[in-house]
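In: 3D model of this:
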Amino acid sequence: MAGCASVETPDQVARHFWDAMKEGDEKTVQNYTTEETRMFIKLSDFRWPNGYIAFDEIRITGNDAMVDTQIGQDESAAMPIASFQTVLKRKDGTWKVDYRKTMSTVSDNNGFSELMRDMRKFNREFSENLDDALAQLKKEAPKLEKEVESLSNSIGKSLEKFAQKLDKLLKDSQNKNDSRSEKEKSI
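Out: Down below sits the predicted model:
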């Protein structure tokens with residue numbers, strides 16, 4: 001994504017930052033975050049690809065800016081899950097999100113903290129379940145491979161017996177036809 005090519009406004013930087021957070025794009029998130037607060041970001045806590053982010057009022061005071069931000073489940077929802085301010089700092093003419101100050105604007109009573117806890121729990125449980133399933137699959141793979149090989153051998157033997165029986169039936173049928181032909185010739 002862009003970020004350094006042209007001067008971006010605080011709301012543009014906020015949009016790029018939250019879109020990258022939403023999609024789990026670590027490189028872009030780092031690009032739009034102040035150097036001092038990058039270490040506090042845990043992308044795994046913030047993945048919600050179907051959610052929405054909306055921005056409202058922008059207030060700029062010198063090298064500081066605040067962008068009113070709302071996050072929700074989807075755009076059709078009547079109310080956002082959380083409303084807070086994305087706090088930005090301007091350094092060398094470039095706006096960056098001050099992640100720590102942004103998170104300090106989130107109050108516990110607006111549901112955002114609960115949403116983040118739920119998302120962390122879901123991510124942790126999903127990861128654990130996926131790890132367990134992969135471990136079980138790895139454990140069962142040799143057994144399944146042997147069963148498939150055994151089934152393949154069994155099918156191969158059955159097909160071989162079937163082919164032998166079919167060949168015998170065809171020969172018997174041919175012999176009967178040959179016998180009838182000889183009888184008819186002798187009559």
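
In: domain map for the protein?
Out: Structural domains of the chain, as assigned by automatic domain parsing, span the residue ranges 10-109, 111-176.

In: of those, which stretch is the most buried?
Out: Across those, averaging neighbours per residue (mean count of other CB atoms under 10 Å) puts domain 10-109 on top, at a mean of 16. C-betas here are computed from N, CA, C, even on glycine.

In: average model confidence for that one?
Out: Mean pLDDT, computed over domain 10-109, is 85.

In: which helix of the protein spans the most residues?
Out: The single longest helix within the chain, with elements called by DSSP state H, is helix 112-186.

In: return the list of helices and strands in contact with that helix.
Out: Here helix 112-186 touches strand 82-91, going by 3 or more CB pairs under 8 Å, 6 or more residues apart in numbering; DSSP states H and E.

In: give me that answer again for 10 Å
Out: Applying 3 or more CB pairs under 10 Å, 6 or more residues apart in numbering; DSSP states H and E, one finds that helix 112-186 contacts strand 64-72, strand 82-91, helix 99-104.

In: any chance of the ones you listed in JSON lines, plus distance to Ile155?
Out: Below are the helices and strands packed on helix 112-186 laid out as JSON lines (distance: least, CB to CB, whole Å):
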{"stretch": "strand 64-72", "distance to Ile155": "55"}
{"stretch": "strand 82-91", "distance to Ile155": "59"}
{"stretch": "helix 99-104", "distance to Ile155": "61"}
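
In: list the contacts for Val13?
Out: By CB atoms under 10 Å, 6 or more residues apart in numbering, Val13 lies in contact with 3, 31-33, 65, 67, 86, 88, 90, 94-97.

In: same check, this time on Phe17
Out: By CB under 10 Å, 6+ apart, Phe17 lies in contact with 3, 25, 28-33, 41, 53, 67, 69, 86, 88, 95-97, 99, 102.

In: for it, phi and psi?
Out: For Phe17, the backbone dihedrals (degrees, to the nearest 10) come out as phi -60, psi -50.

In: before we move on, what about Ile41?
Out: Main-chain dihedrals, Ile41, degrees, to the nearest 10: phi -90, psi 130.

In: try Asp25
Out: Main-chain dihedrals, Asp25, degrees, to the nearest 10: phi -90, psi 90.

In: can you redo the contacts of Val13 as JSON lines with distance to Asp172?
Out: What follows is the contacts of Val13, written out as JSON lines (distance: CB to CB, whole Å):
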{"residue": "Gly3", "distance to Asp172": "83"}
{"residue": "Asn31", "distance to Asp172": "81"}
{"residue": "Tyr32", "distance to Asp172": "83"}
{"residue": "Thr33", "distance to Asp172": "84"}
{"residue": "Ala65", "distance to Asp172": "94"}
{"residue": "Val67", "distance to Asp172": "89"}
{"residue": "Thr86", "distance to Asp172": "87"}
{"residue": "Leu88", "distance to Asp172": "91"}
{"residue": "Arg90", "distance to Asp172": "96"}
{"residue": "Thr94", "distance to Asp172": "91"}
{"residue": "Trp95", "distance to Asp172": "91"}
{"residue": "Lys96", "distance to Asp172": "89"}
{"residue": "Val97", "distance to Asp172": "86"}
